[in-house]
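Student: Turn this into a model:
(chains A and B)
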Amino acid sequence: MNIFEHHLKEIQNLILTKNDILKLEKIENLDKINLEVPPEQFNFDLSCNIAMILGKSNKLNPKKLAEKLRELFLDQIKNFSNVEVAGPGFLNIKLSKSALKENINSILKNNENYGSNKTNETYNIEFVSANPTGPMHVGHCRGAIYGDVLANLLTFNGNKVVKEYYINDYGSQIKNFVESVYFRILEIKFKKPFPKKDNLYPGLYIKDIAVKILNKNDNLDIKDFEKNFEYLKKKSLEESMQLIKNDLKLLGIKHDNFFSETEIVNKDLVSKAINNLKKKKYVEKGFLQPPKGEKNDNWKKVERLIFKSTLFGDDSDRALQKNDGSWTYFANDVAYHMDKVNRGYNNLVNILGADHTGYIKRITAAVSALSEKKIKLNCKVCQLVKLFKNGEPFKMSKRAGDFISAQDLLSEVDKDPIRFMMLNRSNDVEIDFDFDKVKEKTKDNPVFYVQYAYARINSLLGALNTSLVKKIEINEIDFNLNEMEEKIIRKVFEWPKIIESASRKFDLHKIPFYLYELSTLFHAYWSKGNEDKRYKFIENQKIKRKEILAIINLVAIVIKNGMRILDVSLPKKM
RNA sequence: GCGCUCUUAGCUCAGCUGGAUAGAGCAUCGGUUUUCUAAACCGAGGGUCGGAGGUUCGAAUCCUCCAGAGCGCGCCA
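Tutor: Have a look, this model is predicted:
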């Protein structure tokens, strides 16, 4: 339990048991009462909106009610040493020394678990799922890191998480891909020029794949494409998945489960899923309207099976069969998601790129239909990554073969700054990713700045000949914090709230932002000694006050826990 | 034409289950080092929260409309 919840309960209990003093007509909306961090200029530990909530229900002036509550708090809650009314009726609260001491000791004791709220759910997170027709590009990296860190965060918060990758190894794109490999093999073995056809992948990585396949099987009789198709498909996919897994590994990402689309088709899971929906009358034969966007030559008015996704909020119903009666990509995906539903997760999550936004409504509709609205698929979209280098923006296009690959990125920048920077922005906004900025070793680079704070802590401990492993506890009855230390403590108290809100809305950027803010306070604390000797930490090789040791331990604990979720390293020396 | 996302300081962005004087970083200008890492710190200026209405004690935050930017809108995957 975090300190906000803890003290909020105290307040709620007080209201319920002491209304003979308050004499309120209505005690309601207690769940709307919030305990928050007050704005810095107020110099209090907690801030409560209770007077505004109860004032509204009872039609009382919130400021007057706040005055009454202030007296009640001071009289009844021993953990509060000072309470003041501010603004429209906020109650600003200072914790007593014993309450502070208790909270601090509890954090020191919790250590690597500090911040976890123990929510205890199960999640399946599908992410990356890049087409296995080539290596990952930079855009994939963002979704990959987002998914990985979301999994870390939810795990840290007490949940069971499965990280999953859906391999789109079926359909016409794969055929084109295999054909491209085939022509590259002909090129290598018989000097036959690679044809200039629109459906082929011109990228040079295809050549690498061809070489690898040839090296592993020199006697390959390659004359007939149709005859060799299944073999070539298998080998080509193995190679390109290896490329992708390698990129993921370099980014520090490992999925728990790889699920193949071909397998879904082979096991005929699609018919099962469609029959399931037919029984519920969500799938019927029918005709669809022509597409509204650009003109499409493929469109034909043919009767086919249709999923009535408009019943679940989609803009139009969706085709499950192509002109020739075979299943669409969407139909396969419905089957895949039925499998996920049947596996019994409480929560399904898909991380998508911005170009798949239009797909969200139909697939969430499918999950609602399959689970009778019991399971909600939560789709998160990561917006584009715009690359900059020397002021020149890069363009990405997988078809053209001139995209910036994950490898290109990783060859210039380490995984740690990539991970941090990709998350240092809300997933809803585009990122300007600057190669040069990310490599800087200055405070302009937030990754460095946070790492440096941690390195400074270790350097201080080194000077004291001690380490973070050694557990400490505040036992003194009386201890005094200076202004800077109070600020840091308050920030540290906020950590579980950050975890809670980041988990609830999948707002991962809150973690790097928070770590940066905490590091700012720490650097200021550290530097204070430069201006004023009284703020120096060490005197005659000894720590001046035990409070200092407690503070730096708290900061270290939170930075470690935060960076562990981000999976960004923390060097002890820099 | 439709859907999703965005519009907050010169630039890049936080803040959005409604609350206190709207915050950071960069850039600009000015300071700080005989002492634990100056790879850092401190200070200053800078805002009609895209526009217009509405809801209410209170709106950057919720609702409606409008404008601009991006992504998408096949029975491709």
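Student: For A:L153, give its distance to A:D224.
Tutor: In this view, A:L153 and A:D224 are 51 Å apart by CB to CB, to the nearest Å. (Each C-beta comes from the backbone N, C-alpha and C, glycine too.)
Student: whoops, A:Q12 was the one
Tutor: Computed with CB to CB, the distance linking A:Q12 and A:D224 is 77 Å.
Student: Settle it for me: which of the two has more neighbours?
Tutor: Remark: of A:Q12 and A:D224, A:Q12 carries more neighbours, 16 against 8, as counted by other CB atoms under 10 Å.
Student: what about the more buried one, which helix or strand?
Tutor: helix A:3-17 (DSSP states H and E).
Student: How far does whatever helix or strand A:K212 lives in sit from its chain's centre?
Tutor: Per DSSP H and E: A:K212 is located in helix A:205-216. Relative to its chain's centre, helix A:205-216 lies at 35 Å (CA atoms, centre = their mean, to the nearest Å).
Student: rewinding a little: after the helix holding A:Q12, which helix or strand is next?
Tutor: Taking DSSP H and E, what comes next after helix A:3-17 is helix A:19-22.
Student: how many neighbours does A:I33 have?
Tutor: 17.
Student: How about it, nearest residue that isn't a chain neighbour?
Tutor: A:I50 (4.9 Å; CB to CB, 6 or more residues apart in numbering).
Student: Endpoints of stretch A:425-444, how far apart?
Tutor: 15 Å (CA to CA, to the nearest Å).
Student: make that stretch A:157-175, sorry
Tutor: Start-to-end, stretch A:157-175 (CA to CA) is 43 Å.
Student: Next one: it, is it in contact with RNA strand B?
Tutor: Yes: with CB under 7 Å from any atom of the strand as the measure, stretch A:157-175 is seen reaching RNA strand B through A:168, A:170-174.
Student: For these, which entry has the maximal number of neighbours?
Tutor: A:I174 (21 neighbours).
Student: does that one belong to a helix or a strand, and which?
Tutor: Assigned by DSSP H and E, A:I174 falls in helix A:172-190.
Student: Rounded mean pLDDT for that helix, please.
Tutor: Averaging pLDDT along helix A:172-190 gives 94.
Student: Report the buried residues of that helix.
Tutor: Of the residues in helix A:172-190, A:173-174, A:176-187 count as buried by neighbour count, 16 or more other CB atoms under 10 Å.
Student: Am I right that the residue nearest to A:I33 is in contact with A:E10?
Tutor: No: counting by CB atoms under 8 Å, A:I50 stays clear of A:E10, with 11.7 Å between them.
Student: How about the secondary structure of A:D324?
Tutor: At A:D324 the chain is in coil, as set by DSSP: H, G, I helix; E, B strand; the rest coil.
Student: so how far is RNA strand B from it?
Tutor: Relative to RNA strand B, A:D324 is positioned 8 Å away (CB to the nearest atom of the strand, to the nearest Å).
Student: and what of A:K295?
Tutor: Taking CB to the nearest atom of the strand, one finds A:K295 at 9 Å from RNA strand B.
Student: Am I right that that residue sits in a strand?
Tutor: No: applying three-state DSSP, one finds A:K295 to be coil, outside a strand.
Student: for chain A, what's the longest helix?
Tutor: In terms of residue count, the longest helix belonging to chain A (DSSP state H) is helix A:225-250.
Student: buried ones in it?
Tutor: Buried-residue list, helix A:225-250, by 16+ other CB under 10 Å: A:228, A:232-233, A:235-237, A:239-241, A:243-245, A:247-248, A:250.
Student: just stretch A:67-77 next, same as before
Tutor: For stretch A:67-77, by 16+ other CB under 10 Å, it's A:68-70, A:72-73, A:77.
Student: From these, which land in helices?
Tutor: Using DSSP H, the buried residues of stretch A:67-77 in helices are A:68-70, A:72-73.
Student: Would you reformat those as JSON lines and include distance to A:L460 and pLDDT?
Tutor: Putting these into JSON lines (distance: CB to CB, whole Å; pLDDT from 0 to 100) gives the following:
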{"residue": "A:K68", "distance to A:L460": "47", "pLDDT": "94"}
{"residue": "A:L69", "distance to A:L460": "43", "pLDDT": "95"}
{"residue": "A:R70", "distance to A:L460": "40", "pLDDT": "96"}
{"residue": "A:L72", "distance to A:L460": "44", "pLDDT": "95"}
{"residue": "A:F73", "distance to A:L460": "38", "pLDDT": "96"}
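Student: any idea how far stretch A:12-19 is from the chain center?
Tutor: Here stretch A:12-19 is found 39 Å from its chain centre; the criterion is CA atoms, centre = their mean.
Student: and if you look at stretch A:503-519?
Tutor: Per CA atoms, centre = their mean, the centroid offset for stretch A:503-519 relative to its chain is 10 Å.
Student: So what touches it?
Tutor: A:117, A:119, A:146, A:149-150, A:153-154, A:157, A:349, A:378, A:380, A:420, A:423-427, A:446, A:449-450, A:452-453, A:488, A:491-492, A:494-495, A:498, A:501-502, A:555, A:558-559, A:562-563, A:565-566 (CB atoms under 8 Å, 6 or more residues apart in numbering).
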